[in-house]
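Participant: could you work out the structure for the sequence below:
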Amino acid sequence: MSRFLLILFGMTFFAHAKKPNVLFIAVDDLAASLGCYGDLIAQTPHIDRLAGKGIRFDRAYNQIPLCNPSRASLMTGLRPDQIKVYDLDRHFRNEVPEVTTLSQHFLNHGYATSRVGKIYHYNVPASIGTDGFDDAPSWQKTINPKGRDKTDEALIFNAEPHRKISGALSWLEADGTDEEQTDGMVATEAINLMKKHKDEPFFIAAGFFRPHTPFVAPKKYFDLYPLEKMRLPYAPAGDRDDIPTAAFAHNNPVPNYNLDELTCLKALRAYYACVSFVDAQVGRMLKALDDHGLAKNTLVIFWSDHGYHLGEHQGIWQKRTLFEEGARAPLIIYDPRAKGNGQGCSRIVEFVDLYPTLVELANLPAPKTQKLAGRSLAPLLVNPLSDWKGEAMTQILRPPDDRLKKLTMGCSIRTHRWRYTEWAEGKSGRELYDHASDPNEFHNLALHPNEEVKKIMQSLAERLHKKTSGKIPTTPVNPPRL
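Facilitator: Model prediction:
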């Protein structure tokens with residue numbers, strides 16, 4: 001056969017090839033608390049199985065460890081400084097009204113796009129059952145389940161009654177079945193959408209609300225984690241002594257919220273119960289892909305909006321930090337066609353890389369409305385050990401309070417070896433951690449740097465400033481809520 005005919009045959013075959021489906025799974029406030037990430041406590045067999053089939057990214061970093069801006073950044077493929085979203089109350093279309101979101105791009109190219117649950121920001125639990133802070137152009141159909149976790153809110157225990165349950169260590173060992181909870185309903189509706197659209201290309205986004213506070217899951221998941229087996233993270237004595245004040249979030253300025261150890265252990269148990277509950281719902285969806293003959297033509301993307309603290313550094317909880325626990329989050333990509341499946345990838349990648357990755361995997365053209373900030377991870381799906389030279393930038397905005405007298409921007413760059421962080425362009429402190437010898441970030445080398453460390457910091461600062469100035473935005477910003 002001539003070369004011309006081979007090319008013609010290839011073009012004709014590709015034109016008629018079935019477009020890959022996308023199952024886009026988002027989990028709220030999930031740290032790397034999964035068995036496949038080496039967590040010895042977590043019981044997560046279904047997510048672990050997905051990781052075993054696909055590529056587990058061990059060093060994936062969000063752009064800002066807070067729900068609304070992280071999700072907006074991922075879905076637009078743009079960094080927070082480009083969309084000017086740093087808090088919970090500003091919508092990205094205020095700054096970039098013509099942007100084409102990830103799912104919108106698939107919609108524009110013939111996909112049936114649907115959202116169930118939380119993909120863009122919701123106030124949890126207040127906005128469960130509503131559209132939340134959604135983006136209408138992103139979807140053809142949206143479904144907002146509301147389960148008994150809402151109707152049973154009065155039963156939730158709040159360890160910090162002066163705070164709303166949305167931001168406090170709070171939990172409930174729930175009665176009833178998985179399917180009665182909002183997240184169980186999310187899985188059920190996503191499965192129904194798979195059935196409905198199984199004969200056409202679909203982009204189904206399933207967003208789970210747990211393990212966001214309040215930690216609510218059926219009792220059987222609490223039973224997986226006996227309290228006597230729970231342990232708070234280790235930290236050396238004086239761990240906080242070399243950390244700048246700005247590094248600690250305004251809503252968690254003191255160790256463990258001044259709660260006793262037993263209460264913290266109960267909160268930790270409740271968190272893991274929610275992780276296992278979500279894992280079971282992921283398992284239901286993966287089974288549905290198999291049952292309906294969709295698994296061989298569906299890209300499965302599993303991600304969390306940011307990392308989460310469970311007592312590290314002598315008592316940090318929740319998010320809004322630039323430590324590894326806040327900046328790093330789970331990311332698993334399963335492409336049935338990928339040659340590298342079944343491996344872990346240690347390359348540094350960013351959440352803004354997801355948009356160009358899915359565009360390439362689905363063989364779609366690049367969006368015309370914006371230049372994407374990330375790059376496709378497709379080469380790492382072929383060979384997770386490919387040369388990559390990745391680095392990740394994560395930032396967070398601190399409100400003024402008794403500790404910080406004005407808005408303070410923190411910016412951090414993560415390379416294969418180093419994490420370097422500046423607060424207020426260094427005026428409110430710097431941090432440098434050597435992950436080759438200090439993976440838990442216990443020793444801040446920036447506090448008393450020698451000449452070699454100064455050179456390393458200067459080099460990292462220059463690389464960091466190429467992606468962000470670290471300056472306070474001139475666009476009005478709503479004060480971050482507690």
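Participant: skipping adjacent residues, who's closest to K146 in space?
Facilitator: In space, and not counting its chain neighbours, K146 is closest to G129: 3.1 Å by CB to CB, 6 or more residues apart in numbering. Every C-beta, even on glycine, is put in place using the N, C-alpha and C of the backbone.
Participant: contacts only, for C36.
Facilitator: Contacts for C36 (CB atoms under 8 Å, 6 or more residues apart in numbering) come out as T44, I47, D48, A51, G52, R56, I332.
Participant: how about stretch 141-158: buried residues?
Facilitator: Of the residues in stretch 141-158, T142, I143, N144, P145, G147, R148, D149, D152, E153, I156, F157, N158 count as buried by neighbour count, 16 or more other CB atoms under 10 Å.
Participant: list just the nearest of these to S376.
Facilitator: T142 (27.8 Å; CB to CB).
Participant: ramachandran angles for the closest one?
Facilitator: phi -130, psi 140 (degrees, to the nearest 10).
Participant: ok, it to T394 distance?
Facilitator: Note on T142: its distance to T394, by CB to CB, to the nearest Å, is 29 Å.
Participant: wait, G207 sits on A26?
Facilitator: Yes - between G207 and A26 there is a contact under CB atoms under 8 Å: 4.3 Å.
Participant: list residues touching both of those two?
Facilitator: With CB under 8 Å, 6+ apart as the test, G207 and A26 both reach G117, K118, I119.
Participant: residues contacting the last one?
Facilitator: When you say that, I think you mean I119. F24, A26, R71, M75, S103, D134, S138, A205, G207.
Participant: what is the neighbour count of the last one?
Facilitator: The number of residues packed around G207, counting by other CB atoms under 10 Å, is 22.
Participant: which element, helix or strand, includes it?
Facilitator: Secondary structure from DSSP states H and E places G207 in strand 202-208.
Participant: next one: the second one
Facilitator: Using DSSP H and E, A26 sits in strand 21-27.
Participant: report the buried residues of the helix or strand harbouring D279.
Facilitator: Element membership of D279, judged by DSSP H and E, is helix 261-291. Buried residues in helix 261-291, counted by 16+ other CB under 10 Å: 264-286, 288-289.
Participant: tell me how far I348 lies from G129.
Facilitator: To G129, I348 is 38 Å away according to CB to CB.
Participant: between the two, point out the one with more neighbours.
Facilitator: Ranked by neighbour count (other CB under 10 Å), I348 and G129 place I348 first, with 20 against 15.
Participant: may I have the phi/psi pair for that one?
Facilitator: phi -80, psi 120.
Participant: any idea of the pLDDT on it?
Facilitator: As predicted, I348 sits at a pLDDT of 98.
Participant: same thing with the one 5 residues further on?
Facilitator: Per-residue pLDDT puts D353 at 98.
Participant: tell me which residues touch it, please.
Facilitator: D353 neighbours (CB under 8 Å, 6+ apart): G374, R375, S376, L377.
Participant: and the second one, that's in a strand?
Facilitator: In other words, R375. No - assigned with DSSP: H, G, I helix; E, B strand; the rest coil, R375 falls outside any strand and is coil.
Participant: wait, what's in contact with it?
Facilitator: R375 touches D353, P356, counting by CB under 8 Å, 6+ apart.
Participant: in three-state terms, label R49 for me.
Facilitator: helix.
Participant: tell me if I'm right that it and L286 touch.
Facilitator: Yes - counting by CB under 8 Å, R49 touches L286, with 7.4 Å between them.
Participant: which of the buried residues of stretch 141-158 fall within strands?
Facilitator: T142, I143, F157, N158 (DSSP state E).
Participant: for the third one, give the beta-bridge partners.
Facilitator: What that stands for is F157. Counting by DSSP bridges, F157 is bridged to W171.
Participant: who touches it in this structure?
Facilitator: With CB under 8 Å, 6+ apart, F157 has these contacts: S170, W171, L172.
Participant: which one among those gets closest to D402?
Facilitator: S170 (24.6 Å).
Participant: give me the three-state assignment for I332.
Facilitator: Per three-state DSSP, the secondary structure class of I332 is strand.
Participant: which residues does the spatially closest residue to it that is not a sequence neighbour bridge with?
Facilitator: Ranked by CB to CB, 6+ apart and with sequence neighbours excluded, the top spatial neighbour of I332 is F302, at 4.2 Å. Assessed by DSSP bridges, F302 has beta-bridge partners I25, I332.
Participant: for T113, same thing?
Facilitator: In beta-bridge terms (that is, DSSP bridges), T113 pairs with F203.
Participant: what count of nearby residues applies to it?
Facilitator: Neighbour number of T113 under other CB under 10 Å is 25.
Participant: OK, contacts around it?
Facilitator: Contacts of T113 (CB under 8 Å, 6+ apart): S103, Q104, F106, L107, S138, W139, Q140, K141, F202, F203, I204, A205.
Participant: can you tell me the element the fourth one falls in?
Facilitator: Assignment of secondary structure by DSSP H and E places L107 within helix 102-108.
Participant: which parts of that helix are buried?
Facilitator: Going by 16+ other CB under 10 Å, helix 102-108 has these buried residues: L102, S103, Q104, H105, F106, L107.
Participant: what is the nearest of those to T408?
Facilitator: L102 (30.7 Å).
Participant: the closest one against L358, yeah?
Facilitator: Yes - contact criterion CB under 8 Å: L102 and L358 qualify, at 6.5 Å.
Participant: now the strand holding G207, how far from the centre of its chain.
Facilitator: 15 Å (CA atoms, centre = their mean, to the nearest Å).
Participant: which helices and strands sit right next to the helix or strand following that strand?
Facilitator: Once strand 202-208 ends, the next helix or strand along the chain (criterion: DSSP H and E) is strand 215-218. Applying 3 or more CB pairs under 8 Å, 6 or more residues apart in numbering; DSSP states H and E, one finds that strand 215-218 contacts strand 170-174, helix 261-291.
Participant: and the helix or strand encompassing M185, what's buried?
Facilitator: Using DSSP H and E, the element containing M185 is helix 182-196. Buried residues in helix 182-196, counted by 16+ other CB under 10 Å: T182, D183, G184, M185, V186, A187, T188, E189, A190, I191, L193, M194.
Participant: any idea of the pLDDT on the nearest residue to the second one once chain neighbours are set aside?
Facilitator: Counting by CB to CB, 6+ apart, F208 is the residue found nearest to D183 once chain neighbours are left out, at 4.8 Å. According to the predicted model, the pLDDT of F208 comes to 98.
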